[in-house]
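Undergrad: Have a look; sequence and predicted model below, questions after that.
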Amino acid sequence: MTELLVGTKKGLFVLEGEPGSAFEVKARAFPGEPVEYALRDPRSGRLLASVTSPFYGPKIWCADDASGEWTQADGLALPEGGDQALERIWTIVPGEDDQTVYAGGDPGVLFESRDGGLSWELNRTLWEHPTRPTWQPGGGGLCLHSIVPWPGEPAKLALGLSAVGIWLTDDGGKSWRHGNGGIAAGYLPDDAPADTIQLCIHNLHRAPARPERLFMQFHGGVYRSDDAGESWSDIGDGLPSDFGFPMVLDPDDPDSAYVIPLDSDRDRVTPGGHVRVYETRDAGESWTPRGDGLPGDNAYLTVLRQAFGRAGGGANLELYFGATSGDLFGSGDAGASWFTAAAHLPPVYSVRASA
Amino acid sequence: MALVRLRGPLKQRAAGQSDHPIDGATVVEVLRALEQAQPALGGWILDERGRIRRHINVFVNGEQQAEDGVVQAHDRIDVLPAISGG
């Protein structure tokens, strides 16, 4: 049985099912509220959900049972008396320590929890970084949307921010440095400084079986780093578009990545009306379209940044993605074939799976 | 003391009580004092900047007021989510 946590514009949906057939909605929480992101921490089984009430502001809520009582987490706020307020939590990521959880949000902020997500503290070093006054938001805000731990190394993290580039720490967030070598931004002038940080990262993942390898979807291009994020190479040749947001890796194969290209930054839909997931198994040397069972014609879907998730790995890799159309698709065979897991949901913001 | 009236989720978070007698000379002073008396409301009405959240409206004796609105003893302060939609 696979569980899907689907964050939508109108609440959290918990679906269960077996790959190959439609999933059933087992629970719904936060009806009417935008749920940006939700996951089940595999260590504790606890559910964590980021909910951005248009009235009452962004919160993280915790529960053991989606149908039961949810508890608001403490400490999720910027320093009082400043000139900025927390706008949104984009992602929640379990850390390498037993109780550590990270959350990233707008305006470019990292929160850390040492009790499994019940209470949070702002990472002050990133908040007070001397370059912050120069940080510029992307179209979706100043988003810290990707947090990438290093397996077995709790002090090492990589972050992806839009539009402030890649950030790296080796000391548990006490200090931060850029990791932007080789990234070329087509939206900047040719003579832009080589050390610019105005880099619109869209998604960032680490290959668990080879932690120094990272894959990144950029505003224009898909990139790979083999030196822990210090430098990057464009591996986007063979994709129908260099633009997109979603990305998933097979944790058992460090040469693997899956992306869902969108037409362009001006027209953020599946290219040509064809819904295709693109897979590489050679670290980006080549890409193979995977669309068996997906809408092949007249399907102009938008798949958002966090709306692509996976369960398992290797021969048991399951893939799931949702669209703003409310369609939810799945694959139980690593993308070789696809099925419709659900339809007619509200616009899908995030999908996370566990099997 | 002014009387702060809450509805819906705000009332639920304030121990289920709608009426809260609170001291303060301005709207923001009253709301901060309300947060101290009812910690579960922290961050729900005022953001970190001390501003009333964008889609929350505060009325003093029926007139909408901003953070610096003057509050006097026996005033009635209604805290309401704004109308959403059109």
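TA: Here it is on my side, so go on.
Undergrad: In contact with whatever residue of the stretch 201-350 of chain A ends up closest to chain B, which residues?
TA: Closest residue of the stretch 201-350 of chain A to chain B, CB to the nearest CB: A:Pro346 (15.6 Å). (Each C-beta comes from the backbone N, C-alpha and C, glycine too.) The contact partners of A:Pro346, by CB atoms under 8 Å, 6 or more residues apart in numbering or on different chains, come to A:8-11, A:326.
Undergrad: switch the cut-off to 10 Å
TA: A:6-11, A:13, A:31-32, A:34-35, A:322, A:324, A:326 (CB atoms under 10 Å, 6 or more residues apart in numbering or on different chains).
Undergrad: Please list which of these are also close to chain B.
TA: A:Gly32 (CB under 10 Å from any CB of the partner chain).
Undergrad: can I get the contacts of A:Pro346 in a markdown table with distance to A:Trp232, neighbour count and pLDDT?
TA: Listed next are these as a markdown table, based on distance: CB to CB, whole Å; neighbours: other CB atoms under 10 Å in any protein chain shown; pLDDT from 0 to 100:
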| residue | distance to A:Trp232 | neighbour count | pLDDT |
| --- | --- | --- | --- |
| A:Val6 | 31 | 30 | 98 |
| A:Gly7 | 29 | 27 | 98 |
| A:Thr8 | 33 | 26 | 98 |
| A:Lys9 | 33 | 16 | 98 |
| A:Lys10 | 37 | 16 | 97 |
| A:Gly11 | 37 | 19 | 98 |
| A:Phe13 | 36 | 28 | 98 |
| A:Pro31 | 42 | 11 | 96 |
| A:Gly32 | 41 | 11 | 94 |
| A:Pro34 | 32 | 20 | 97 |
| A:Val35 | 32 | 26 | 98 |
| A:Gly322 | 28 | 32 | 98 |
| A:Thr324 | 29 | 18 | 98 |
| A:Gly326 | 35 | 17 | 98 |
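Undergrad: Now, the contacts of A:Pro346 that are in strands?
TA: A:6-8, A:11, A:13, A:35, A:322 (DSSP state E).
Undergrad: Which parts of the stretch 1-150 of chain A are strands?
TA: Ranges of strands in the stretch 1-150 of chain A, per DSSP state E, counting those that start in this stretch, are A:2-8, A:11-17, A:24-29, A:35-40, A:47-53, A:57-63, A:71-72, A:88-94, A:101-106, A:109-113, A:121-122, A:143-150.
Undergrad: repeat for chain B
TA: So, for chain B - with DSSP E - the strands run B:2-6, B:19-22, B:56-60, B:63-64, B:76-81.
Undergrad: could you point out where the chain is predicted with low confidence?
TA: Assuming you mean chain A. Judged against pLDDT under 70, chain A has no low-scoring part.
Undergrad: look at chain B instead
TA: For chain B (pLDDT under 70), the answer is B:84-86.
Undergrad: Just the closest residue of it to chain A, please.
TA: For chain B, CB to the nearest CB, closest residue to chain A: B:Asp47, 3.9 Å.
Undergrad: Does A:Pro34 touch A:Tyr56 like I think?
TA: No: checked against CB atoms under 10 Å, the pair A:Pro34 and A:Tyr56 is beyond contact range at 11.8 Å.
Undergrad: hang on, A:Tyr187 in a strand?
TA: No: looking at A:Tyr187 with DSSP: H, G, I helix; E, B strand; the rest coil, it is coil, so not inside a strand.
Undergrad: In this structure it contacts A:Cys200, no?
TA: Yes: in terms of CB under 10 Å, A:Tyr187 counts as a neighbour of A:Cys200; the distance is 7.4 Å.
Undergrad: out of these two, which sits in the busier spot?
TA: The neighbour comparison of A:Tyr187 against A:Cys200 (other CB atoms under 10 Å in any protein chain shown) goes to A:Cys200, with 24 against 12.
Undergrad: residue boundaries of the helices in chain B?
TA: B:8-13, B:27-37 (DSSP state H).
Undergrad: any chance of those helices in TSV, with distance to A:Leu294 too?
TA: Listed next are these as TSV, based on distance: least, CB to CB, whole Å:
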stretch	distance to A:Leu294
helix B:8-13	40
helix B:27-37	49
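Undergrad: Check those for me and report the most buried one.
TA: Neighbour counts (mean count of other CB atoms under 10 Å in any protein chain shown) averaged over each of the helices of chain B peak at helix B:27-37, with a mean of 19.
Undergrad: Now for the residue nearest the centre of chain A: which residues touch it?
TA: With distances taken as CA atoms, centre = their mean, the residue of chain A nearest its centroid is A:Gln306 (4.1 Å). Contacts for A:Gln306 (CB under 10 Å, 6+ apart) come out as A:7, A:36-39, A:50, A:90-91, A:145-146, A:203, A:245-246, A:322, A:348-352.
Undergrad: can you do 8 Å?
TA: A:7, A:36-37, A:90-91, A:145, A:246, A:349-351.
Undergrad: wait, which of these is closest to chain B?
TA: Of all these, chain B sits closest to A:Glu36, with 16.6 Å by CB to the nearest CB.
Undergrad: can you count the residues close to that closest one?
TA: The number of residues near A:Glu36, taken as other CB under 10 Å, comes to 27.
Undergrad: Tell me the bridge partners for the residue lying closest to it once chain neighbours are set aside.
TA: Once flanking residues are discounted, A:Glu36 sits nearest to A:Ser50: 4.5 Å by CB to CB, 6 or more residues apart in numbering or on different chains. Here A:Ser50 sits in beta bridges with A:Tyr37, A:Ile60, going by DSSP bridges.
Undergrad: Quick check: A:Ser50 touching A:Pro58?
TA: Yes: A:Ser50 lies in contact with A:Pro58 (CB atoms under 8 Å); the separation is 6.8 Å.
Undergrad: which residues do the two both contact?
TA: A:36, A:88-89, A:105.
Undergrad: Now render these as JSON lines, adding distance to A:Glu112.
TA: Output for the shared contacts of A:Ser50 and A:Pro58, formatted as JSON lines (distance: CB to CB, whole Å):
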{"residue": "A:Glu36", "distance to A:Glu112": "19"}
{"residue": "A:Arg88", "distance to A:Glu112": "18"}
{"residue": "A:Ile89", "distance to A:Glu112": "13"}
{"residue": "A:Gly105", "distance to A:Glu112": "12"}
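Undergrad: Counting neighbours, which of these comes out on top?
TA: Tallying neighbours with other CB under 10 Å puts A:Gly105 at the head of the shared contacts of A:Ser50 and A:Pro58, with 29 neighbours.
Undergrad: A:Pro154 looks like it's in a helix, true?
TA: No: assessed with three-state DSSP, A:Pro154 is strand; it does not lie in a helix.
Undergrad: Many thanks, have a good one.
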